[in-house]
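J.: Structure of the sequence below:
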Amino acid sequence: MRTPHPAFTPSPATGALLALTAARAVPHAEFVAAAPDAPGVVGVHVDLDGARRLGLTDRALAGGLVYVIAAPVSLRDRAVRAHFQSGRTAASHLRAGVAALLSEDLELDGVPRSPGVSGRRGLTSDAEEELTAWMRAHLRLSWWEAPEGVDAAEVAAAVTRELSPALHSTGVDRPWDRLTESRRAIVQRARRSATL
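T.: Numbering: from 1, shown residues only. This is a model prediction of the structure:
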């Protein structure tokens, strides 16, 4: 008599990867209303028009996934929601990456976060609003809820390493060259405008 094969139980990272790439991604407003108040990982997906405008047509996208957000406290945490809020570009790698790639298309003007301070740059208030509107129109969110005792930040890092989402400038073996160049260019433009 054969022994039954035990049920396959994927690792948390594999479970998150499968959930984020196979689940239906929803608009930001639906995510805010439906995501559970529990730790987990958020996947950010781009639609076809958004992928074209970001220059992602030659990049393989697993379910349109372009960014991964760790939510170690809660999927509803304000740190997760901040990626889709105006005025947060200097503090969000996702917003900064999208802004850099769309800076010419949307004519987004970057500004130093504080006069004379180098490093992260923000956008003018009009550009912040335009970026937020674009992101909410073209980006969708999926999520994976972490089982109790599983470190969501570690799982997010593992998924990021495995998929190398295009809009990640850190946590991947080799960041996308176009993203790196675009981020550098928007910083240079902000520096020039600050000295005028």
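J.: tell me what the helix or strand containing Thr21 is packed against?
T.: Using DSSP states H and E, Thr21 falls within helix 12-22. With contacts taken as 3 or more CB pairs under 8 Å, 6 or more residues apart in numbering; DSSP states H and E, helix 12-22 sits against strand 40-46, strand 65-71, strand 139-145, helix 152-163. For the C-beta atoms, the positions are set from N, CA and C on the backbone; glycine is no exception.
J.: Give me the contact list for the longest one.
T.: In other words, helix 152-163. 12-13, 16-17, 20-21, 39-41, 62, 65, 68-72, 144, 146, 168, 171-173 (CB atoms under 8 Å, 6 or more residues apart in numbering).
J.: change it to 6 Å
T.: The list of residues contacting helix 152-163 from outside it, by CB atoms under 6 Å, 6 or more residues apart in numbering, reads 12-13, 16-17, 39-41, 62, 68, 70-72, 146, 168, 171.
J.: in the chain, which ranges drop under the pLDDT threshold?
T.: 1-9, 60, 109-121, 175, 186-196 (pLDDT under 70).
J.: So what sits opposite the one residue sitting closest to the centre of it in the bridge?
T.: Central residue of the chain (CA atoms, centre = their mean): Tyr67, 3.5 Å from the mean position. For Tyr67, the beta-bridge partners are Val44 (DSSP bridges).
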